[in-house]
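# What would the 3D arrangement of this be:
(chains A and B)
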Amino acid sequence: MRLAGFLLLLAGWGIVLSAVALLKSPPARSAFAIAGVGVEALGLALAIRSHIVPRGERS
Amino acid sequence: MTPVPAAGLSEVGTAFCLAMILLVPLAALGLCLMNTGLGRSRSAAHAMLTALCITATAALVYFFCGFSWQGAAGRAAHVFTVAGKPWNWIAAEPMFFRGLPLDGSGSDSGASLAALLQMFSVGLAALIPLGAGTDRWRMAPACVSSALMAGLSYPLFAHWAWGGGWLAQLGLHYGLGRGYVDAGGAGCIQVAGGLAALSIAWILGPRRGKYAASGMPAAIPGHHTVFVLLSCFLALMGWFGLNASGAMLFAGAAPGEVVLIAVNTMLSAGLATLAAALITRARFGRPDASLCANGWVGGLVASSAGCVFMPPAVAALTGLVAGALVTLSVEWIDLYLAVDDPGGSISVHAVAGVWGLLALGMFGRIPAGRVLNGVGGGPGDSGQWLAQLVGVATLFGCVLPLTYSLNWLLNRFLPQRVSAEGEWQGMDLTELGAGAYPEFVIHREDFIQR
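Predicted coordinates for the structure are as follows:
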C-alpha cells in the first residue's frame, strides 16, 4: 500500500505536467491539472494509511 | 536554453539586500530554540548541537554541489524540449561557487547574493525535520539526511522555482500568469522542509510512550516554554530578512517595498497567533502556549510566498487562516494520523506553506508593470492560480517521494532512530555523554499512560 501511495503521487504529478505541456484549452488544462492533484491526494491518503500503526501494536 | 534574466540590483539595493540576508540566520536560531523547547529536557543539548551540525552540513554540501544544480536565473542550465517548448530542469554551474563574483566585482551581483541567501536558507529547510524527529533522531543520520536535502532535493526544486527553471517559466511558455511565484520561499524552503519532516516522522515512528495500545496519544509537554516563545521573536526578525531578500532577488521588489513586506509579515504572524489563541481557548478553556507559538511561525510561513504581492488586509487574512489551519492540523495529525511531530513541523511548515502558495495564486496582486519570470504585466494574471497549483503538485508529487525514498534508503544503511534504551536515557546522555541541565534529576515518565 505504501508503494502504491507513492506511485500514485508520482502519477498525479505526471498528469499535472502532461496537462500543462500537452493541452492548449485553458478549461481542459485546468480540469486535468485538478484531476492530477486529486490523484495525488489519493496517493497521499494511501501513504498516510500505510504508515498508521495498528492500535494493538502501539507501545 | 531560454534564459530568464535575473533581477538587477543597484549598489544601494545590493547593500540593503545583503543586510537583509544576514538576518536570515535568526530564523534558524528561532527554529532551533523552538524545537529544543518543545522536546524533553534530557535531549536539549543534543537538539541544539544537532541543529548546529545540520546547518553546517547543509551549508557545506550546498557550497560543494547544491548551487551547481540550482544555479540562478539567466545562467547556464540543461534544457530539454517537450511539444516544441523548452523545459529547463537543472542548472549547469561549476561546483564550489566557481564563477560567482563573491567580491562584488562582476555585474551579476544578484547571483552571488542568491547563492549566499540559499546557503542560509538550505540550512533553515534542513532544520525543519529536526522538529519532527525530536527526542529520537540520531545526530549522524540527521546530518547525512540534511546533506541529501542540501545536495539533491532542495537545489532541484529551488532551480525550478528560483533558478529560471520550468516552474518559473510556466508563464512565459504556457501563459500561466507570471509562472510559479514564491517570493520568500514558502515552497522551496518551508513546504520542502515540512514534507521532509513528514518523511522523517514516518520513518522514525512515534516516541516511546506517545501512543497507548488503545490508540490514544499522550500529551508529552515541551520542557521550556520560554525558549519556545522567545523563538517566535527571533523567527520574526529572521523572516523579515528572508521575505525581504527573497522578494528583492526573486520577485523584483525594490528596497522601498520592504516596508510593505515587513507590514505583511507582521500582520500575518500576529493574526495567526490570535487565531491559534482563540481556537485553543475555545477548545481547551485557555490558550495553549505551544500551539500559539506554532501559529505564529505558521503565519510567518504563510506570509512568505506573497509577501510583496498582497495588500496588508489580505496578508492579515492569510495569516488568520494559516493560524487556524496550523492549530487544527497539529491535533489532527497527532490524533488521527498517529504521526508524532513534537515540534509541529508538518503543520507549521507544510500546511501553512501550501496555504500561502495557494493564497498568492488566489488573492495576490502582481503589479502590471513588473516583469517577473520573463513575463510583463498583461490583462490580469489569469492562470496564476494554476501555476501555483502546479508548484504545489510538484512538491507533493516529486519532492515528497524523492525525500522519502532518500531517507528510507539512508535508514537501511544507517539506522536513524536511537535505540529504545537510548531514548529512555535521553539523547544527551546517549549521544553526548552529558546532559544540558546536569543539576536536574527529573526523569519520571509522568506522561505515560499506565
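# where in chain A is pLDDT low?
Regions of chain A meeting the criterion pLDDT under 70 cover residues A:55-59.
# go with 80
By pLDDT under 80, the low-scoring segments of chain A are A:53-59.
# And the strands in it?
Along chain A, counting by DSSP state E, no stretch forms strands.
# from the chain's centre, how far out does the longest helix along it sit?
Looking across chain A with DSSP state H, the single longest helix is helix A:26-51. Here the centre of mass of C-alpha atoms in helix A:26-51, compared against the chain's by Cα atoms, centre = their mean, to the nearest Å, lies 4 Å away.
# Would it count as contacting chain B?
Yes - legend: contact between helix A:26-51 and chain B by Cβ under 8 Å from any Cβ of the partner chain is shown at A:Pro26, A:Arg29, A:Ser30, A:Ala33, A:Ile34, A:Gly36, A:Val37, A:Glu40, A:Leu44, A:Ile48, A:His51. To be clear about C-beta, it is placed using only N, CA and C from the backbone, and glycine gets the same treatment.
# List the buried residues for that helix?
Along helix A:26-51, these residues count as buried under the neighbour rule (16 or more other Cβ atoms under 10 Å in any protein chain shown): A:29-30, A:32-33, A:36-37, A:39-40, A:42-44, A:46-48, A:51.
# Would you pull up the residue in the stretch 251-400 of chain B closest to chain A?
Scanning the stretch 251-400 of chain B for the residue nearest chain A gives B:Gly397, at 2.4 Å (criterion: Cβ to the nearest Cβ).
# now that residue: how far from B:Phe63?
Using Cβ to Cβ, to the nearest Å, we find B:Gly397 at a distance of 29 Å from B:Phe63.
# do the same with B:Ala350
Using Cβ to Cβ, which is the criterion applied here, B:Ala350 is 27 Å from B:Phe63.
# just B:Ala150 next, same as before
Using Cβ to Cβ, which is the criterion applied here, B:Ala150 is 9 Å from B:Phe63.
# number of nearby residues for the residue nearest to B:Val375 when sequence neighbours are not counted?
Leaving aside its chain neighbours, B:Val375 sits nearest to B:Gly171 (4.1 Å; criterion: Cβ to Cβ, 6 or more residues apart in numbering or on different chains). As a burial measure, the neighbour count of B:Gly171 was computed by other Cβ atoms under 10 Å in any protein chain shown and equals 25.
# Tell me which residues touch B:Gly171, please.
B:Gly177, B:Arg178, B:Gly179, B:Leu372, B:Asn373, B:Gly374, B:Val375, B:Gly383, B:Gln384, B:Ala387 (Cβ atoms under 8 Å, 6 or more residues apart in numbering or on different chains).
# go again using 6 Å as the cut-off
Shown here is B:Gly171, whose contacts under the criterion Cβ atoms under 6 Å, 6 or more residues apart in numbering or on different chains are B:Gly177, B:Arg178, B:Gly179, B:Asn373, B:Val375.
# And the pLDDT at the residue nearest the centre of chain B?
Most central residue of chain B, judged by C-alpha distance to the mean C-alpha position with Cα atoms, centre = their mean, is B:Gln190 at 2.1 Å. The model reports B:Gln190 with a pLDDT of 97.
# Verify the stated contact: it with B:Val354.
No - taking contact to mean Cβ atoms under 6 Å, the distance of 9.0 Å between B:Gln190 and B:Val354 leaves them out of contact.
# burial of residue 54, as a residue count?
Assuming you mean chain A. For A:Pro54, the number of neighbouring residues by other Cβ under 10 Å comes to 8.
# Oops, wrong one, chain B.
Taking other Cβ under 10 Å as the neighbour definition, B:Ile54 ends up with a count of 26.
# Which residue lies closest in space to B:Met34, excluding its sequence neighbours?
Once flanking residues are discounted, B:Met34 sits nearest to B:Ser231: 4.0 Å by Cβ to Cβ, 6+ apart.
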